[in-house]
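Student: Below is the sequence, then the predicted model.
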Amino acid sequence: MSISAVSICSNALLLLGDSPINSFSENNDRTRLVANLYEYKRDRVLRAHPWNCATKRVILSPDVAAPEFGWAYQFQLPNDWVRSLSVGEDGAEDDYAIEGRKILMNSNICRLRYIWNNTVESTWDSLLVEVMTQVMVAALTYPITKSTTKQATEEEIVRRVLKEARAIDGQEGTPEALGDFPLLANRMR
């Protein structure tokens with residue numbers, strides 16, 4: 001089965017003992033509910049963790065106009081930007097600020113690593129799919145079952161599934177080393 005927003009929502013409904021949906025255009029309250037909640041919940045889940053399947057790197061050129069004061073350059077954030085992970089070379093972060101949809105810096109080049117709004121669920125890691133399915137289960141529990149007890153249980157399951165998925169996703173790749181901090185160096189003596 002191909003993973004999609006509809007399949008994630010259908011699986012959430014099935015886990016709640018409800019009928020699946022075939023598309024977000026079905027004309028019923030259940031479908032309108034999942035269609036209204038899905039994008040908001042997806043964007044929140046993507047922003048909450050540096051998912052490997054939603055991470056990008058770009059080098060940005062400065063805008064023609066500089067900021068009015070305080071910084072020498074400004075850069076337009078990419079249209080698909082959800083959250084910044086780093087600005088500068090790995091291990092050598094540049095000073096920056098984000099204001100609106102701009103990154104302000106004193107460097108004329110911006111190396112940005114960020115979470116992008118990956119809306120192609122078929123490219124997601126299976127653990128992210130599981131997290132998103134469980135998030136939708138928790139979001140739909142009260143509207144469908146009218147049970148606050150069941151909703152609390154589902155929210156606890158979200159926390160557990162999210163914790164496990166973050167731990168596994170974070171273990172892929174070379175671990176980040178702590179920088180050269182004098183406090184750490186003194187403690188190791």
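Tutor: Cool, got the structure.

Student: can I assume R83 sits in a strand?
Tutor: Yes - R83: assigned to a strand according to DSSP: H, G, I helix; E, B strand; the rest coil.

Student: doesn't H49 make contact with it?
Tutor: No - contact criterion Cβ atoms under 8 Å: R83 and H49 do not qualify, at 9.3 Å. For glycine as for every other residue, the C-beta is placed from the backbone atoms N, C-alpha and C.

Student: buried stuff in stretch 134-143?
Tutor: Q134, V135, M136, V137, A138, A139, L140, T141 (16 or more other Cβ atoms under 10 Å).

Student: What are the buried residues along the helix or strand harbouring V158?
Tutor: Of the helices and strands defined by DSSP states H and E, V158 is found in helix 148-170. Buried residues in helix 148-170, counting neighbours by 16+ other Cβ under 10 Å, are found at K150, Q151, E154, V158, V161, L162, A165, R166, D169.

Student: and it, what other elements does it pack with?
Tutor: helix 126-145 (3 or more Cβ pairs under 8 Å, 6 or more residues apart in numbering; DSSP states H and E).

Student: Check the offset of the helix it packs on from the chain's centre.
Tutor: Relative to its chain's centre, helix 126-145 lies at 15 Å (Cα atoms, centre = their mean, to the nearest Å).

Student: What is it packed up against?
Tutor: Judged by 3+ Cβ pairs under 8 Å, 6+ apart, helix 126-145 is in contact with helix 5-15, helix 29-48, helix 148-170.

Student: ok and the shortest one relative to helix 148-170, angle-wise?
Tutor: The one in question is helix 5-15. For helix 5-15 and helix 148-170, the angle between their directions (axes from the mean of the first three to the mean of the last three Cα atoms, to 10 degrees) works out to 130 degrees.

Student: Now do helix 5-15, average pLDDT.
Tutor: Across helix 5-15, the average pLDDT comes to 96.

Student: which outside residues touch it?
Tutor: Here helix 5-15 makes contact (Cβ atoms under 8 Å, 6 or more residues apart in numbering) with 1, 19-24, 30, 34-35, 38, 42, 119, 121, 129, 132-134, 136-137, 139-140, 144.

Student: make it 7 Å
Tutor: Contacts with helix 5-15, where a contact means Cβ atoms under 7 Å, 6 or more residues apart in numbering, come from 1, 19-21, 23-24, 34, 38, 121, 129, 132-133, 136-137, 140.

Student: Kindly indicate the member of the residues you listed with the most neighbours.
Tutor: M136 (27 neighbours; other Cβ atoms under 10 Å).

Student: right, and that residue touches Y40 too?
Tutor: No - using Cβ atoms under 7 Å, M136 is not in contact with Y40; the gap is 10.9 Å.

Student: Contact partners for the most centrally placed residue in the chain?
Tutor: For the chain, the residue nearest the mean C-alpha position is L46 (1.4 Å; Cα atoms, centre = their mean). Counting by Cβ under 7 Å, 6+ apart, L46 touches A54, V82, I115, N117, N118.
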